[in-house]
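Visitor: Need the 3D shape of this:
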Amino acid sequence: MAGGKYLLGGLLFIVAAAVGPFLPAWLISLLTISLASALVVLGLILLWRAGLVSFGQALYYAIGAYAVALMMRWTGIHDAFVAVIVAALAAALTAYLVGFLLARYREIFFAMLSLALSMILYGVLVKTEALGSTDGFNVSTPTFLGYAPHGFALTIALYWFALALGAVAAMCVSAYMQSVAGALAVPVRDNEIRVEYLGVSVTKLIHLKLVIAGTLAGVGGAVAAMSISHVDPAMSYWTTSGGFVFITILAGAGSVAAAFIGSILFELVRTASVALMPGTWQLILGTVLLLTILFVPGGLASLFVRRRKVAGEGAQ
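Guide: Numbering: from 1, shown residues only. Predicted coordinates for the structure are as follows:
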């Protein structure tokens, strides 16, 4: 069963990579940003499964983005692979440090504290002239192992790069979910005291999830920074975190694939909404969120689970 899932995922990856050169540049850029958001959502799903809702993933997203921008500005190193590693390490370190505080809280306290930490970073970025203050600053054009593409070639290269990162992240998150630590997420959500009786430290388990989620968000921020060639404090603002939570609700926590589908749908709906109703585009997004909660409360992932159950009953 697992082998079939990975085979299907591999085929979809090949198809997505193959059709890239035949798509318009604006759609490729939109898909690249969707993949960046999907990386953040993968981390949120891990937290969501444990009963934790973070409204502060923009903290790690912005740190990853600024780490890339500052590395390229200060060191002259423009390689995208190095940039992602630097962003992942910066976000992971941040998540590890703040995790000592966040891992002690649950429910609304966890959500609000994560939001507060993100807004602290926003305040620092806005007030720091060396980091571009409210306007931010541009990101240098990335290279890929010495190859320096420009124009449409750069757009395609970034798309393929983001697609590869998404595939690796999806496999790693899927493997983690099937591990003991990943499987304990639902028991932690339902009754963490009973999990403690099993000899497992729930605080350390949640701390680990925070580091994984923060690292994924940092990588997503790095991809976004290189894709849009700009960073600014809005990357750490609460509305950015809210967008990631929106996608997580749309995707659901039961499937890794749903994170990517939900991210693409979100970007498509937002782009269409801005084009159709520039002044009130949030109304369309709000309506989509309301309909999702009312009719698909488990998100897109619940549709996959329901389909597998139906297929299993039919086989019997």
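Visitor: D232 and T134 touch, don't they?
Guide: Yes: taking contacts as CB atoms under 8 Å, D232 lies within contact range of T134: 7.4 Å. Heads up, the C-betas are built off the backbone N, CA and C, glycines and all.
Visitor: between these two, which one's more packed in?
Guide: For D232 and T134, the more surrounded residue by other CB atoms under 10 Å is D232, and the numbers stand at 21 against 10.
Visitor: which ones are touching the residue nearest to the more buried one when sequence neighbours are not counted?
Guide: With CB to CB, 6 or more residues apart in numbering as the criterion, D232 has its nearest non-adjacent residue at 2.9 Å, and that residue is G136. G136 makes contact with 125, 230-234, according to CB atoms under 8 Å, 6 or more residues apart in numbering.
Visitor: Out of the residues you listed, which two are the most distant from each other?
Guide: L125 and H230 (13.2 Å; CB to CB).
Visitor: quick one: which of those two has more around it?
Guide: Shown here are L125 and H230; by other CB under 10 Å, L125 has more neighbours (22 against 16).
Visitor: In contact with that one, which residues?
Guide: 62, 66, 131-133, 136, 232-233, 236.
Visitor: and which of these is nearest A116?
Guide: Looking across these and measuring by CB to CB, the closest to A116 is S236, at 11.9 Å.
Visitor: And the nearest residue to that closest one once chain neighbours are set aside, its phi and psi?
Guide: Using CB to CB, 6+ apart and skipping the chain neighbours, the partner closest in space to S236 is A62 (3.6 Å). The phi and psi values for A62, taken as degrees, to the nearest 10, are phi -70, psi -40.
Visitor: got it, and G51?
Guide: Dihedral angles (degrees, to the nearest 10) for G51: phi 80, psi 20.
Visitor: what about it, how many neighbours?
Guide: With neighbours defined by other CB under 10 Å, the count for G51 comes to 16.
Visitor: Against V202, how distant is the nearest residue to it once chain neighbours are set aside?
Guide: In space, and not counting its chain neighbours, G51 is closest to R189: 3.3 Å by CB to CB, 6+ apart. From R189 across to V202, the span is 10 Å (CB to CB, to the nearest Å).
Visitor: Counting neighbours around each, name which of these two comes out higher.
Guide: Between R189 and V202, counted using other CB under 10 Å, V202 has the larger neighbour count: 19 against 16.
Visitor: Next, the contact list for that one, please.
Guide: The contact partners of V202, by CB under 8 Å, 6+ apart, come to 188, 192, 195-196.
Visitor: Which members of those come out as buried by neighbour count?
Guide: Neighbour-count burial (16 or more other CB atoms under 10 Å) applied to these gives 188, 192, 195.
Visitor: can you map out the strands along this structure?
Guide: Ranges of strands in the chain, per DSSP state E, are 137-138, 230-231.
Visitor: can I get the ones you listed in a markdown table with distance to H207?
Guide: Below are the strands of the chain laid out as a markdown table (distance: least, CB to CB, whole Å):
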| stretch | distance to H207 |
| --- | --- |
| strand 137-138 | 33 |
| strand 230-231 | 28 |
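Visitor: F55: which of those is closest?
Guide: The closest of those to F55 is strand 230-231. By CB to CB, the value is 20.8 Å.
Visitor: Does anything pack onto that closest one? Which helices or strands?
Guide: When contacts are defined as 3 or more CB pairs under 8 Å, 6 or more residues apart in numbering; DSSP states H and E, strand 230-231 sits against helix 58-75, strand 137-138.
Visitor: separation between the residue nearest to S236 and G20?
Guide: For A62, the distance to G20 - CB to CB - is 27 Å.
Visitor: re the thing from before, in TSV: the buried ones among the contacts of V202, plus distance to G220 and pLDDT.
Guide: Formatted as TSV, the buried ones among the contacts of V202 follow (distance: CB to CB, whole Å; pLDDT from 0 to 100):
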residue	distance to G220	pLDDT
V188	24	90
E192	28	89
V195	29	89
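Visitor: which one of the residues you listed is nearest S273?
Guide: Scanning the buried ones among the contacts of V202 for proximity to S273, where the rule is CB to CB, the winner is V188, at 36.5 Å.
Visitor: tell me the contacts of the residue nearest to that closest one when sequence neighbours are not counted?
Guide: In space, and not counting its chain neighbours, V188 is closest to A50: 4.8 Å by CB to CB, 6+ apart. Residues near A50 by CB under 8 Å, 6+ apart: 185-186, 188-189, 205-206, 209.
Visitor: For ChimeraX, write the select line for the buried members of the residues you listed.
Guide: Buried residues within the contacts of A50, by 16+ other CB under 10 Å, are selected in ChimeraX with:
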select :185,188,189,205,206,209
